[in-house]
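1. Below are the sequence and a predicted model; questions follow.
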Amino acid sequence: MKVAGCTAIVTGGNRGIGEAFVHGLIQAGAAKVYVGTRSLDGAAHLEQQYPGKAVGVELDVTNEAQVQKAAETCSDTSVVINNAGIHQDQTLLGAPDLSAARSEMEVNYFGVLSMCRSFAPVLAANGGGAIVNVLSVAGILAVPAMGGYSPSKFASRALTTNVRAELADQNTQVSCLIVGSVDTRMAAQVEGRKESPDTIAKAGIKAIEHNIPEMDTDPFAINMRAAIARDPARVEKGMAAMLKAETLSTGR
């Protein structure tokens, strides 16, 4: 599939990796990009920068009515970027209640599922298209310090595989991105080297155009996958030690 000429929707498209996808898709020749955002004001700067090409859409992925309305409104969509995510910075047992873990699962898993379900018929009507789920190293490596975020990304990785199988007959390609350390608001407390969101968007566009089922987007993600393969027990111990660390660091 080629990005040039496509119409895409990006959830959480008003900042961070999502905003980088909006820039990257338009610069790669996308005809239109719907900027999914919980408040339309969040997309105003992109609409001003790309008049007629960036179009704000009110979209909270945990609101099924809004997701379905977006699918009806954005009926010309051929690429879906499921980027919206949340990290509540609570451990599973240390949190005062289950609300943090539930919200992470609602956004990071059920939100992705809702988008896939609602937009699958849209993509079929437009020739098949592509879905890209923006995941994390925390989806291939359990990170106790990240609490419910890590399990939600594991779940979304399995979802990606299942949805890929279900949509194969309608010629919809489904990919996921394994993202390492990126310079976004979510990773503000992480020290060390962090990649630009643009790097992730470029990797995502490559995944679309080359139909790559799962792609490590940056050196940190690549190195962590290799470390898991070499010595998973050692990596698990290292992740457990992070529970007592005063700061989180990429180690670079």
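-> Received it, and whenever you're ready, just let me know what you need.
2. Go ahead and name everything in contact with stretch 54-62.
-> Under the criterion C-beta atoms under 8 Å, 6 or more residues apart in numbering, residues 9, 11, 22, 26, 32-40, 42-44, 46-47, 66-67, 70, 73-74, 82, 84, 106-107, 110-112, 114-115 lie in contact with stretch 54-62. No exception for glycine: its C-beta is placed from N, CA and C like everyone else's.
3. Now which of those residues would you call buried?
-> Buried residues within those, counting neighbours by 16 or more other C-beta atoms under 10 Å: 9, 11, 22, 26, 32-38, 42-43, 46, 66-67, 70, 74, 82, 84, 107, 110-112, 114-115.
4. Among those residues, name the ones in strands.
-> 9, 32-37, 82 (DSSP state E).
5. From the contacts of stretch 54-62, which land in helices?
-> Among those, the ones falling in helices (DSSP state H) are 22, 26, 44, 46-47, 66-67, 70, 73, 111-112, 114-115.
6. can you give me the helices in this structure?
-> With DSSP H as the criterion, the chain has helices at 16-27, 44-49, 64-73, 99-105, 111-125, 149-167, 197-209, 219-230, 232-241.
7. could I get those as TSV with distance to Ser136 and mean pLDDT?
-> Shown next, in TSV, are the helices of the chain (distance: least, C-beta to C-beta, whole Å; pLDDT from 0 to 100):
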stretch	distance to Ser136	mean pLDDT
helix 16-27	11	97
helix 44-49	24	98
helix 64-73	22	98
helix 99-105	12	98
helix 111-125	12	98
helix 149-167	5	98
helix 197-209	11	96
helix 219-230	8	95
helix 232-241	13	95
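8. what's the spacing between Asn14 and Pro51?
-> 17 Å (C-beta to C-beta, to the nearest Å).
9. more neighbours, these two?
-> Asn14 (23 against 9; other C-beta atoms under 10 Å).
10. Am I right that that one is in contact with Leu40?
-> No: Asn14 is not in contact with Leu40 according to C-beta atoms under 8 Å; the separation is 9.4 Å.
11. mean confidence score for stretch 29-39?
-> What stretch 29-39 shows for mean pLDDT is 97.
12. Quote the end-to-end distance of that stretch.
-> One end of stretch 29-39 to the other measures 26 Å (C-alpha to C-alpha, to the nearest Å).
13. Not counting its own residues, what contacts that stretch?
-> So stretch 29-39 is in contact with 2-14, 18, 21-22, 25-26, 42-43, 46-47, 50, 52-61, 70, 74, 76-77, 79, 84, going by C-beta under 8 Å, 6+ apart.
14. ok, now how distant is the residue nearest the centre of the chain from Val35?
-> The centroid of the chain falls nearest to Val134 when counting by C-alpha atoms, centre = their mean (2.2 Å). Counting by C-beta to C-beta, the separation of Val134 from Val35 is 15 Å.
15. now do Ser99
-> Ser99 is 28 Å from Val35, where distance means C-beta to C-beta.
16. can you check Gln68 too?
-> Distance check for Gln68 against Val35: by C-beta to C-beta, it reads 18 Å.
17. can you check Gly147 too?
-> 29 Å.
18. for Val3, same thing?
-> For Val3 relative to Val35 (C-beta to C-beta), the value is 16 Å.
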